[in-house]
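Peer 1: Build me a model:
(one chain, ligands or ions: 2)
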Amino acid sequence: MERIHSGRIPGLKGQKILVSGWIHDIRDFGNLKFLILKDKEGTMQITIPAKKASKEVTSIASQLTKESVISVLGNVKESDKARQGFEIIPEKIELLSKSETPVPIDMSKKIESDLSTRLDYRFLDVRNEKSIALFKIRSKMLNLITNFFDSNNFVAINTPKITSSGVESGSELFKVDYFGKNAFLAQSPQIYKQMFVAAGFEKVYEIGSVFRAEKSNTSRHVTEFIGIDFEQGFIKDEHDAMDTAEQLMVYLVEGIEKELKDELKLWERKPVKMKKFPRISFEKAVELLADEGKKIPKNEDFDPEAEKLLSKIILEKQKSEFVFIYNYPYVKRPFYHMKPEKDSHGTKSFDLLWNGLEIGTGAQREHRYDILKKQAKEKGINLDEMQDYAKIFQYGCPPHGGMGLGLDRFVEAFLKLDNIREAILLPRDPERLTP
Ligand code: 4AD
Ligand code: MG
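Peer 2: Numbering: from 1, shown residues only. Ligands and ions are numbered 1, 2, ... in the order given. Okay, here's the model as predicted:
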């Protein structure tokens, strides 16, 4: 008989079925024994009446431990006592893999295990409905992001993650021994996405691993994350890139809301309902923060507290979970961000915040070689030593811009998680290199 998953059982009352899964709980009342079995779609109750069950079934049932994997052949019965509305009366139980006891973390989550222990046993930690829902949402996001860029005629590129240098100021590089030479793990595909816009692809995107040797231990930083980068040529200004990001986020949220209703219900996530995101200048954001008593020192960027407060203000005033902040001060941005025509202290750059979290940074890039060279110099960078980057601008490069976003932060912001590590199967941070 073919195995079926728990999600299909409600329509099969009175029928004989074969199910498999992990034993989530065992409740023994002497004359009645209940096994709560879970598979990737949910849970089911296996009811074993001591008197009516066969010797074989009772004997196997007595050996079972929580988290063991079993197969059950049995009949589906309607039941108003079972949470699922049905129960399965077993004819045959097969023990496929017995779990050791006790399990190292509390799988029922009644006792909170600390995050570190949970991550040590991540494959057990995610063995529950809510975690499976989270990773289904993350998986769907990846799928929707690919669909979005594909249907908007962006070309998917895959660029090297072992490189000779970086361009993101302020982000530390991981050094790699490359056959005796120094190499670094890519801290962004920045150079390459600009390269292939200049190549004539015009619109490119990449979904890939990004590495940052930041020794900060925060709820929003990891040392390896999944970057979603896009870059587009012949833009009018940075607002074109903001338009793309806005359309992407709306498509993403609407797609998940449409396709993963049950998963969102488990996370008590209400619909986002937003098509256009407010766009406010850095200067205006500083004013809004000052009104709430938060002072931003001149030429300083927003700290996480300021970003949270800004999101709160925008949510209250404009009912939007998302907000773009544009025109960041030049002193805080990398040399390749274009300056506005009449404002040498600003940049045609922006950040996108979602529920208090920076989920992306973008800009119109400086494509005019002479100005780029000058800006690099202002920042103490010698462009002649970055030939691979400099070359891009010397043989015909259109005006262009784009953005780098982080998938892990999407999940963190969307589900309002306390920590980015919850959104990642096997997170990497300064303390964690296993499993
Ligand atoms: O803001 P970042 O550093 O910008 C860039 O990498 C530029 N090349 C983007 C561009 O096209 N101008 O990183 C982009 C995004 C952040 O907004 C955040 O979502 C994510 O990448 N990110 C991290 N996520 C998790 N852990 C970290 N340590 C992250 N650093 C950046
Ligand atoms: Mg940023």
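Peer 1: near ligand 1, which residues of this protein show up?
Peer 2: When proximity is defined as C-beta under 6 Å from any ligand atom, the chain approaches ligand 1 at 168, 171, 188, 190, 212, 214, 221-222, 225, 227, 229, 358-363, 402-406, 408-409, 420. C-beta here means a position set from N, CA and C on the backbone, and glycine is covered the same way.
Peer 1: what does stretch 40-49 rub up against?
Peer 2: The contact list for stretch 40-49, computed with C-beta atoms under 8 Å, 6 or more residues apart in numbering, reads 5-9, 19, 21, 24, 31-38, 57-58, 61, 72, 74, 77, 79, 82-84, 86-90, 93, 129, 132.
Peer 1: Can you list which of those are found in helices?
Peer 2: Val57, Thr58, Ala61, Glu129, Ile132 (DSSP state H).
Peer 1: Do you know the pLDDT at the third one?
Peer 2: Ala61 carries a pLDDT score of 97 in this model.
Peer 1: Wait, it touches Ile93, no?
Peer 2: Yes. Shown here, Ala61 and Ile93 form a contact pair, counting by C-beta atoms under 8 Å, at 6.4 Å.
Peer 1: that older thread, what would the ones in helices among the contacts of stretch 40-49 look like in CSV with neighbour count?
Peer 2: As requested, the ones in helices among the contacts of stretch 40-49 are exported to CSV (neighbours: other C-beta atoms under 10 Å):
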residue, neighbour count
Val57, 22
Thr58, 16
Ala61, 20
Glu129, 16
Ile132, 18
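Peer 1: any idea which of those is closest to ligand 1?
Peer 2: Ile132 (22.7 Å; C-beta to the nearest ligand atom).
Peer 1: Quick check: phi and psi on the residue nearest to the closest one when sequence neighbours are not counted?
Peer 2: Closest residue to Ile132 apart from its sequence neighbours, by C-beta to C-beta, 6 or more residues apart in numbering: Lys40 at 6.1 Å. The phi and psi torsions at Lys40 (degrees, to the nearest 10) take the values phi -70, psi -10.
Peer 1: and Lys40, how far is that from Glu129?
Peer 2: 9 Å (C-beta to C-beta, to the nearest Å).
Peer 1: likewise Ile381?
Peer 2: According to C-beta to C-beta, Ile381 and Glu129 sit 50 Å apart.
Peer 1: Leu35 now?
Peer 2: Noted for Leu35: a distance of 17 Å to Glu129, by C-beta to C-beta.
Peer 1: Now the residue with the largest distance to the centre of the chain. Nearest residue, chain neighbours left out?
Peer 2: No residue in the chain sits farther from the centre than Lys51, which is 50.3 Å out by C-alpha atoms, centre = their mean. Nearest residue to Lys51 in three dimensions, chain neighbours excluded: Asn31, at 7.0 Å (C-beta to C-beta, 6+ apart).
Peer 1: How much space separates the one you found from Phe149?
Peer 2: Asn31 is 60 Å from Phe149, by C-beta to C-beta.
Peer 1: The two - which one has more neighbours?
Peer 2: Neighbours per residue, other C-beta atoms under 10 Å: of Asn31 and Phe149, the larger number sits with Phe149, 22 against 9.
Peer 1: so that one makes contact with Ile157?
Peer 2: No. When contacts are counted by C-beta under 8 Å, Phe149 is not listed as touching Ile157 (10.6 Å).
Peer 1: what sits in contact with each of those two?
Peer 2: By C-beta under 8 Å, 6+ apart, Phe149 and Ile157 have these common neighbours: Tyr205.
Peer 1: Just the buried positions in stretch 227-238, please.
Peer 2: Gly227, Ile228, Asp229, Phe230, Glu231, Gln232, Gly233, Ile235, Glu238 (16 or more other C-beta atoms under 10 Å).
Peer 1: give me the number of residues near Ala199?
Peer 2: What Ala199 shows, counting by other C-beta under 10 Å, is a neighbour count of 17.
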